[in-house]
Each structure stands twice: as structure tokens, then as C-alpha cells.
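**Q** need a structure here:
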Amino acid sequence: MPAIPGTFRVMSCAEPQSATPGRRKQRTAYTQETRVEIDVAPVGSVLLQVVRAHARLGTELLRGAGLTPPHELVLLYLDEHEPAPQPALVTYLGRDRSTVTATLQAMERADLIERSPSETDSRAMTVSLTAHGRQQVSAARAAWRELERHTTSRLTHRQLTELQDSLTRVRDTLETAHAETH
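**A** All right, here's what the predicted structure looks like:
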């Protein structure tokens, strides 16, 4: 069915996979990839698909390292900027304050970070890595390094440079447009 201009369609591609290779198939597990294709935004569609695929693989790699998104981003930020005021993490993560607070509380329970009252602002909290959090920084870096390897493995050096340059221009253009509308 043709898409109506200005609408989008969801394409679902499911591939059956045997739940137990080499055995009689009693159950079939499905891996499903959902691709949103917006007819008036082909570049935006591909960008969305890339972001989703990147996040899916990144999440898998992080789970293998015992981490979950965005915990690894907090660890990497604190490794460079510790101790950090909590509002700096809100800005860095680009999320609302309550979401970041919930993330930090989960990280405290996992003994990755500790929060303490700021010495300069009684209303603010300062965030630091624990010894366990410091150990997990290398796992976070390794997961991101592996994700980058998968992301760029089929690109030549020239293609990689062009992709980075093009995406940087797109990002800057979008940020300028956003700033102009606010």
C-alpha cells in the first residue's frame, strides 16, 4: 500500500530462528527489526534506523560488561570530571533532572557512584566514582571501543572521515535551527 505523503510506515522484518539449534523445532524464537521509514524524510529515517541499531548493539555490549545505558556515560564523564555537580550530569546526558536523579540512585545502589552534599551549594549534590565504579570505567571504554569497531568496520578511512564531517555538519545545522526556534 503506498504511503500517504507526510505519513510514515513501520516495516517489520522478522526472521525465524531455531530456539535450540540441531534439535527438532518445537518453538520458534523471532528476532524482529522494526524500521521506521518516513516518506518525506529519507535522511531522518536512515538516521533513526542507525541510532536504533547502534543503541541495540551498544546495550548488548554493555550488558556483557555488567553495565546498562546510560550508566557507562556517567562513569566515563566522572572519570574525566570527578567530582562533578549533579546539574553538570543533567546537562551532559541531555535528560531531565528527575530521570538523571533516578539513574544516579540506581548507580548508587549498584555501588558505582556516591553522592554527597556540595561544599559550595547546600542545595546541590556532588557525584563521585566509588572504587567499584572506577573499576567499571575500563569495561565501559572497552564496550564503546568494540561498538565503534563494529560501527566503522566496513568503511574506508576516507568514508569514515566524510561520514564524521557530514554528521557534524548535520548536527551543527540542527542545533542552530533549534537555538533559533527557542
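
**Q** Name the helix or strand for the closest residue to residue 65 other than its chain neighbours, please.
**A** Counting by CB to CB, 6 or more residues apart in numbering, the nearest residue to residue 65 once its immediate chain neighbours are dropped is residue 139, at 3.9 Å. All C-beta spots, glycine's among them, are computed from the backbone N, C-alpha and C. Element membership for residue 139, per DSSP states H and E: helix 131-152.

**Q** how long is stretch 147-156 end to end?
**A** 17 Å (CA to CA, to the nearest Å).

**Q** Could you do stretch 119-130 as well?
**A** When the termini of stretch 119-130 are compared using CA to CA, they are 19 Å apart.

**Q** Go through that stretch and flag the buried ones.
**A** Neighbour counts using 16 or more other CB atoms under 10 Å place 125, 126, 127, 129 of stretch 119-130 among the buried residues.

**Q** now the strand or helix carrying residue 46: how far from the chain's centre is it?
**A** In this structure, residue 46 sits in helix 42-64 according to DSSP H and E. Offset of helix 42-64 from its chain centre (CA atoms, centre = their mean, to the nearest Å): 8 Å.

**Q** which residues in this structure form helices?
**A** Here the chain has its helices, by DSSP state H, at 42-64, 71-81, 86-93, 97-109, 131-152, 157-181.

**Q** Buried deepest among these, which one?
**A** A comparison of the helices of the chain by mean neighbour count, using mean count of other CB atoms under 10 Å, puts helix 71-81 on top with a mean of 18.

**Q** ok, back up a step: what angle do helix 42-64 and the helix holding residue 139 make with each other?
**A** 140 degrees (axes from the mean of the first three to the mean of the last three CA atoms, to 10 degrees).

**Q** What is helix 131-152 packed up against?
**A** The contact analysis (3 or more CB pairs under 8 Å, 6 or more residues apart in numbering; DSSP states H and E) places helix 131-152 against helix 42-64, helix 71-81.

**Q** on that earlier part again, what separation do you get for the residue nearest to residue 65 and residue 66?
**A** Distance from residue 139 to residue 66, counting by CB to CB, to the nearest Å: 7 Å.

**Q** Report the rounded mean pLDDT for stretch 163-178.
**A** Averaging the model's pLDDT scores along stretch 163-178 yields 97.

**Q** Contacts for that stretch, please.
**A** Contacting residues not belonging to stretch 163-178 are listed as 43, 47, 155 [CB atoms under 8 Å, 6 or more residues apart in numbering].

**Q** Quickly list the domain ranges of the protein.
**A** In terms of domains, the chain is parsed into 1-40, 58-147 (source: automatic domain parsing).

**Q** of all these, which has the lowest average per-residue confidence?
**A** Note on those: lowest mean pLDDT is at domain 1-40, with a mean of 52.

**Q** show me the contacts for the residue sitting nearest the centre point of the chain.
**A** Nearest to the geometric centre of the chain sits residue 55, at 5.0 Å (CA atoms, centre = their mean). Taking CB under 8 Å, 6+ apart, we find residue 55 in contact with residue 69.
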